[in-house]
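J.: Give me a 3D structure for the following:
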Amino acid sequence: MKSKIRILHLEDDRKDSELIQSAIMEAGIDCNIVCIETRDDFINNLEACGFDIILADNTLPSFDGLTALKITQKKCPFIPFIFVTGTMGEEKAIETLKNGAADYVLKNNLSRLVPSVIRAIREMEEIKERKMAEEALITEKAFTESALNSLSDIFFVFDISGKFLRWNKSANTILGYTDEEISSMKPNDFFSGEDKQRITEAIGKVMKEGKASVEASFVTKDKKKLPYEISGSLLKDSDGNYIGICGVGRDITERKRNEDELRKKEQELKKRVQELEDFYNMSVGRELRMIELKKEIEGLKEELAR
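T.: Below you'll find the predicted structure:
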């Protein structure tokens, strides 16, 4: 519990107020108590929402505890509210708890007050901590969703049975399928021909080795084929149990185009090299033949001279 707590006390009897304050102080609780009697004072103090707990008598000359509880539930629902009253029948007590009161304590049994205050504050602190954790989780989830949806790559997660659990907006935009359609599909449904087998083998490798990559062409809803490099990795929970496969698909259309152009240029260069080699060999052969002919002519001339 926090070191110093602020208490708003709705009470019109000064003696009762002093007894209640003494009971709390004697228990060693470091607190600041603001005691008020009227509806206007109660609302004015409550609007600041700076109190850790509210103690309230059930009946006052111009105000009542149940109305104060309803106002608190509306304005500051996280502040615990405890009735500290002289008398309260069983039905009334049940009604107050149903309406959101943390507890009720009778003035002739103030020994229950301090434990009730401590318990109510601790429970409220736990609720606040859980709410903060939930809000942090929601913020983290929203951040993750925003980050995934900003990717130009296709992102997906499917469980061991092949049911898709998550995917990003690029998956919808690029492949042309709605969320409802993707949720009813399996990984192989996005491929055709030999690519189906490649995907099946890649999934098997992920399950065995933890990760794998494969090149395959997604088939869009309008039957277009898009070449992609798909990388998958195995997902496990905190206990080490397999929960699914996470995959990222990267468009390699430009890379394939460049590879085709390079392959074409390579073939053209090889052809040109072969042509030049053939020409060179033909030219060298012709030159050798000319030398041989010249020697033959010189020999014939010598023979004629003889």
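J.: centroid residue for this structure?
T.: residue 141 (3.2 Å; Cα atoms, centre = their mean).
J.: what comes up buried for the helix or strand hosting residue 19?
T.: Assigned by DSSP states H and E, residue 19 belongs to helix 14-26. Judged by neighbour count (16 or more other Cβ atoms under 10 Å), helix 14-26 contains these buried residues: 16-17, 19-21, 23-24. The C-beta positions use only the backbone N, C-alpha and C, and glycine is treated the same way.
J.: so which of those comes closest to residue 98?
T.: residue 20 (24.3 Å; Cβ to Cβ).
J.: List the contacts of the residue nearest to the closest one when sequence neighbours are not counted.
T.: Computed as Cβ to Cβ, 6 or more residues apart in numbering, the closest residue to residue 20 that is not its neighbour in sequence is residue 84, at 6.0 Å. By Cβ atoms under 8 Å, 6 or more residues apart in numbering, residue 84 lies in contact with 11, 20, 55-57, 104-105, 107, 110, 113.
J.: Looking at this structure, which helix is longest?
T.: Longest helix in the chain, counting residues (DSSP state H): helix 253-305.
J.: so how far is that one from its chain's centroid?
T.: Offset of helix 253-305 from its chain centre (Cα atoms, centre = their mean, to the nearest Å): 66 Å.
J.: Check which helices and strands that helix sits against.
T.: strand 225-236 (3 or more Cβ pairs under 8 Å, 6 or more residues apart in numbering; DSSP states H and E).
J.: buried sites along the strand it packs on?
T.: Result for strand 225-236 [16+ other Cβ under 10 Å]: buried residues 226-232, 234-235.
J.: circling back to that earlier point, please work out the average pLDDT along the helix holding residue 19.
T.: Across helix 14-26, pLDDT averages out at 89.
J.: C-alpha coordinates for the helix or strand hosting residue 83, CSV please?
T.: If you go by DSSP H and E, residue 83 is part of strand 81-85. Output in CSV follows, covering the C-alpha atoms of strand 81-85 (Å, rounded to 0.1, in the frame of the first residue of the first chain):
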residue,chain,number,x,y,z
PHE,A,81,-16.2,3.2,-1.1
ILE,A,82,-16.8,1.8,2.4
PHE,A,83,-19.9,2.5,4.5
VAL,A,84,-19.2,3.3,8.1
THR,A,85,-22.6,3.6,9.8
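J.: Domain parsing of this structure, as residue ranges.
T.: Here the domain assignment for the chain is 5-144, 152-251, based on automatic domain parsing.
J.: Between the two ends of the last one, what distance do you get?
T.: By Cα to Cα, to the nearest Å, the extent of domain 152-251 from end to end equals 9 Å.
J.: And for the longest one?
T.: Domain 5-144 stretches 38 Å from its first residue to its last (Cα to Cα).
J.: my guess is residue 217 contacts residue 225, does it?
T.: Yes - contact status for residue 217 versus residue 225: in contact at 4.2 Å, counting by Cβ atoms under 8 Å.
J.: can you list the weak-confidence ranges in the stretch 101-250 of the chain?
T.: Within the stretch 101-250 of the chain, no range satisfies pLDDT under 70.
J.: just the helices in it please.
T.: 113-149, 169-175, 179-183, 194-209 (DSSP state H, counting those that start in this stretch).
J.: any chance of these in JSON lines, plus distance to residue 75?
T.: Listed next are the helices of the stretch 101-250 of the chain as JSON lines, based on distance: least, Cβ to Cβ, whole Å:
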{"stretch": "helix 113-149", "distance to residue 75": "15"}
{"stretch": "helix 169-175", "distance to residue 75": "40"}
{"stretch": "helix 179-183", "distance to residue 75": "40"}
{"stretch": "helix 194-209", "distance to residue 75": "54"}
